[in-house]
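Novice: here is my input; please provide its structure:
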Amino acid sequence: MSTDMPTNPAARRGRIRTSDAEREQVAALLRAAVTEGRLSLEEGDQRLAQVYAATYRDELDPLTADLPSGGWEALARTPEALRAARHGLRRHTSIVAAVVALLVGAWLLSGAHFFWPFLPIVFLTFGLMRHARFVRYGRQWGWGRGGSGSGGWGRGPWAQSGPWQRPPWAR
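Specialist: Numbers count the residues shown, from 1 in each chain. Presented below is the predicted three-dimensional model:
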């Protein structure tokens, strides 16, 4: 028998073991779906038991397949996610304000006749406005949607096709 060939039949088929973090991520999706009313308590408990019993990534996929956007939209509407998104926007605003103050201070010290920080300030402002719009309306437009016709969120980090895009509050 060759040492190059894995002896485990599951490894030969290309199955990948799941991690505790991936199980917890799917469990959070299912808890949000139960909270939203998409799953009954009994069905949620059954699926959570299957999540914690899962050994391979492909066992996690069917547990959220019948939920809209794989359960990510329900998770994005939780109070914790909204609070984290607002906190990120406040942090972004304070950073932009500090950079603008530094740019204006540098302009004052430079003695230039024209206001050269105008263009960087415009870019910083547009970036901040885009972030604010994302926090306010991103839930309605579907976070992570777009790109190569993926049809939404993909199927999580255990998906075999397409890139998985984590929402900002999950980073």
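
Novice: domains in this structure, as residue ranges please.
Specialist: Taking automatic domain parsing as the criterion, the chain consists of the domains 13-75, 81-142.

Novice: just name the most buried of these.
Specialist: Relative to the other members of those, domain 13-75 carries the highest mean neighbour count by mean count of other CB atoms under 10 Å, namely a mean of 17. The way it works is simple: take the backbone N, C-alpha and C, and place the C-beta from them, glycine included.

Novice: quick one: least confident helix or strand in this protein?
Specialist: Within the chain, judged by mean pLDDT, DSSP states H and E, the helix or strand with the poorest mean is helix 9-12; its value is a mean of 56.

Novice: right, and the helix or strand after that helix?
Specialist: Per DSSP states H and E, helix 9-12 leads on to helix 20-36 as the next helix or strand towards the C-terminus.

Novice: list the contacts of that next one.
Specialist: With contacts defined as CB atoms under 8 Å, 6 or more residues apart in numbering, helix 20-36 is touched by 39-41, 44, 47-48, 51-52, 54, 57, 60, 63-64, 67, 70-72, 74-75, 77-78, 156-158.

Novice: again, 7 Å this time
Specialist: Taking contacts as CB atoms under 7 Å, 6 or more residues apart in numbering, the residues outside helix 20-36 that touch it are 39, 41, 44, 47-48, 51-52, 54, 57, 60, 63-64, 67, 71-72, 74-75, 78, 156-158.
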